[in-house]
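S.K.: Have a look at this fold, sequence not included:
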């Protein structure tokens, strides 16, 4: 079940063009209780990330959202600060039932999983002295690290559509890694500093300014520039 | 050791709890691209600056949260729990979710009335590279306690290769990590 969901997430974008007419068939939850129940169920199915399961549940099973609406919601959830899936549950819950809906959806997402995580932590505490258990956790930690790096690799493919152009994007990403990951500077200054540069550069490029000089970090003379 | 001192804050003062809450509120507003991107700063703050938990405990909290079903954000709950019991859990979770939730509520309502696509696009495009850099930092920081072990490095490399080039469920890779880790230490 978990294997096929990323694929269905990817088909969301092509489907989106035809989704407008399908919007009439959309349902909506009957109550905050149903909202809570659906979000609890999708949270419990999400091992190593809830997003693919959320797409399956909200778009394909419950049909509360068209694929187009889901993609838009996901974009907003990612751009806003805070946990993506929490942002999605808040915005969606609020759309249906106001702040009560936001609370119901978020509570559904967190309550039972929180209980499970704490139970796991307590069980782990009891058996942490066993070398095999400690080793298993170390191995899972290494995989967790690899999964996150792989997510960055996958997402880097979307940079080709970025109006700043790839060289500027890679420079900003590398600078962020050096500052936060390697030099261990406080994130607040790195994000405020490099984030302002990025948003300013993107605003300028989107604004339709003709490609006069190459972008700020003049690394390669033949850099692609702002051609789409 | 965790269970008995549910309400004792593990020897931390109430002012420490307040600091924890304030720092996680700050991180909440900085978490562009998901809470996981604030992980390097959480480690810098909890492990290096305050000394409230060890690097190994830190990575273990993330691993346990990843192994359990549900949103990844629950690793924050485990860290709070580890640092100061139930009080720490509440301080960390309310901190990391509070400010961003209020912003999400406001933006969601604003968008329903009027979508300002150009400013939104510039904002997304400008911050996407930072999101990637922060994800790389997160992966880097999580390998802190195991970077000197060849088996762990191999696990990281295999995971990156497989996960980046296939749609295999993360569950299987997590399971592989558990088996390899258990065998390597037995």
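M.R.: Structure received. Treat the numbers as computed from the prediction; the structure is a model and nothing was measured.

S.K.: mind showing which ranges of chain B have poor pLDDT?
M.R.: Residue ranges of chain B with pLDDT under 70: B:1-8, B:33, B:113-117, B:167, B:169, B:186.

S.K.: which residue ranges form the strands in it?
M.R.: In order along the chain, chain B carries no strands (DSSP state E).

S.K.: which other helices and strands contact the longest helix along chain B?
M.R.: With secondary structure taken from DSSP state H, chain B has its longest helix at helix B:74-113. Contacts defined by 3 or more Cβ pairs under 8 Å, 6 or more residues apart in numbering or on different chains; DSSP states H and E place helix B:74-113 against helix A:67-79, helix A:84-127, helix B:14-30, helix B:39-43, helix B:55-67. Backbone N, C-alpha and C define where each C-beta goes, glycine included.

S.K.: Put together a markdown table for those helices, with distance to residue A:157 and mean neighbour count on each row.
M.R.: Compiled in a markdown table, those are given as follows (distance: least, Cβ to Cβ, whole Å; neighbours: other Cβ atoms under 10 Å in any protein chain shown):
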| stretch | distance to residue A:157 | mean neighbour count |
| --- | --- | --- |
| helix A:67-79 | 15 | 20 |
| helix A:84-127 | 18 | 21 |
| helix B:14-30 | 25 | 18 |
| helix B:39-43 | 23 | 26 |
| helix B:55-67 | 23 | 24 |
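
S.K.: okay if I get those helices as CSV plus distance to residue B:159?
M.R.: What follows is the helices and strands packed on helix B:74-113, written out as CSV (distance: least, Cβ to Cβ, whole Å):
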stretch, distance to residue B:159
helix A:67-79, 23
helix A:84-127, 21
helix B:14-30, 26
helix B:39-43, 17
helix B:55-67, 12
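
S.K.: These: which one's closest to residue B:96?
M.R.: helix B:14-30 (4.6 Å; Cβ to Cβ).

S.K.: excluding its backbone neighbours, what's nearest residue A:101?
M.R.: Setting aside the residues directly before and after it, residue A:101 is nearest to residue A:93 in space (Cβ to Cβ, 6 or more residues apart in numbering or on different chains), at 3.6 Å.

S.K.: Was I right to think the one you found contacts residue A:109?
M.R.: No - using Cβ atoms under 8 Å, residue A:93 is not in contact with residue A:109, being 9.7 Å away.

S.K.: Buried residues in the longest helix of chain B, which are they?
M.R.: Going by neighbour count (16 or more other Cβ atoms under 10 Å in any protein chain shown), the buried part of helix B:74-113 is B:74-85, B:87-101, B:103-105, B:107-108, B:111.

S.K.: and what of stretch B:134-152?
M.R.: B:134-146, B:149, B:151-152.

S.K.: so what's the residue nearest to residue A:101 scoring on pLDDT?
M.R.: Per-residue confidence (pLDDT) for residue A:93: 93.

S.K.: returning to that earlier point: could you pick out which of the buried residues of stretch B:134-152 are near chain A?
M.R.: B:134-143, B:145-146, B:149, B:151-152 (Cβ under 8 Å from any Cβ of the partner chain).

S.K.: Ends of stretch B:159-170, what's the gap?
M.R.: Across stretch B:159-170, the terminal residues are separated by 9 Å (Cα to Cα, to the nearest Å).

S.K.: Buried ones in that stretch, by neighbour count?
M.R.: If you call a residue buried by 16+ other Cβ under 10 Å, then stretch B:159-170 has these buried ones: B:159, B:160, B:162, B:163, B:164, B:169, B:170.

S.K.: If anything else comes up later, I'll come back, but that's it for now.
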